[in-house]
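[1] no sequence on hand, only this structure:
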């Protein structure tokens, strides 16, 4: 594949020991490609060690190959990637972690998938060198996300990914949405692929993520599913739930009405209260759905039709 330049977006948080090695390995990997330049966009996400000093030294030695952004404090991987994506200009953009667990020598695998027609290629750490408190929640999360999104990937959260430039310009990251870039890209009609990658054991430092990210991931999963499926039609989500509640409420009240006609006392039955609450709940859901629809239709921040246009000739 003939590529004139590749951008590598690398979030950094307390990785001073690995940064110089990472640069050398990326440089070596790109050297195996014909006539391809590269740039590494380091985003220092509020590191408290000497990471920024190391980045400054690399910038002084390799000015044409380094762009560096330093955040005032730690804001999370999603913001770091978002800033890197805004800075990226090369036709192909890689993301990878700075801890050397991802191996730059495997970039050719990703490029082959891009050449075959994929727009985003995600790495799959088929054999992970991580403790069980990271691997087990990850497997559960990936299974749930694959089932909910319909995207058949084994490892959504792998930081080693390859994008066409237009993909990173279309998707918007905030909060913890860096885990969901394949889902967001698929929402805009991009083709998603996957390659297995070697996963090295961590050489320096320690993992910045714990078990708590699993709970955060499930919350974000709900947000992403709602956004990708119902962002332009919220009335279908709320209204559909409202109609189910209305049907159940009316069925219960109809049943109690028949009992009342035949002389049975129903005023003391909890089922009467449940039926009334279901009907009230249904009216609220349907009303909120209609109002949400009006807001979306008149919002400047809603998804635009033009976002789905691939080409105009």
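    Nice, I can see it. What you see is a predicted model, and the numbers here were worked out from it, not measured in a lab.

[2] nearest residue to the residue positioned nearest the centre of the chain other than its sequence neighbours?
    Centroid-nearest residue in the chain, with Cα atoms, centre = their mean: residue 180, separated by 1.8 Å. Leaving out its chain neighbours, the residue that sits closest to residue 180 by Cβ to Cβ, 6 or more residues apart in numbering is residue 224, at 4.7 Å. In this view, the C-beta of every residue, glycine as well, is placed from N, C-alpha and C.

[3] wouldn't that neighbour be in contact with residue 178 here?
    No - using Cβ atoms under 8 Å, residue 224 is not in contact with residue 178; the gap is 11.4 Å.

[4] that older thread, the residue nearest to residue 180 should be in a strand, yeah?
    No - applying DSSP: H, G, I helix; E, B strand; the rest coil, one finds residue 224 to be helix, outside a strand.

[5] I'd like the distance between it and residue 189.
    With the distance defined as Cβ to Cβ, to the nearest Å, residue 224 ends up 16 Å from residue 189.

[6] go on, residue 161?
    Noted for residue 161: a distance of 18 Å to residue 189, by Cβ to Cβ.

[7] could you check which of the two has the larger neighbour count?
    More crowded of residue 161 and residue 189, by other Cβ atoms under 10 Å: residue 161, with 25 against 12.

[8] show me what contacts the more buried one?
    94-96, 110, 120-123, 181 (Cβ atoms under 8 Å, 6 or more residues apart in numbering).

[9] are any of the residues you listed buried, and which?
    For those, a burial check counting by 16 or more other Cβ atoms under 10 Å picks out 94-96, 110, 120-123, 181.

[10] which of the residues you listed fall in strands?
    The strands, defined by DSSP state E, take in 94-95, 120-123 from the buried ones among the contacts of residue 161.

[11] closest one of the residues you listed to residue 51?
    Of all those, residue 95 has the smallest distance to residue 51: 17.5 Å, by Cβ to Cβ.

[12] contacting residues for the residue nearest to residue 180?
    For residue 224, the contacting residues are 149, 177, 180, 183-184, by Cβ under 8 Å, 6+ apart.

[13] what about 7 Å?
    Listed by Cβ atoms under 7 Å, 6 or more residues apart in numbering, the contact set of residue 224 reads 177, 180, 183.

[14] so for these, which is the shakiest by pLDDT?
    By pLDDT, residue 177 ranks lowest within these, coming in at 81.

[15] and for residue 31, the neighbour number?
    Residue 31 has 10 neighbouring residues, counting by other Cβ under 10 Å.

[16] cool, residue 179 as well?
    By other Cβ under 10 Å, 25 other residues sit near residue 179.

[17] you'd agree it is in a helix?
    Yes - under three-state DSSP, residue 179 falls within a helix.

[18] tell me the predicted confidence for the residue in the chain sticking out farthest from the centre.
    The outermost residue of the chain relative to its centre, with distances by Cα atoms, centre = their mean, is residue 263 at 58.7 Å. pLDDT, residue 263: 85.
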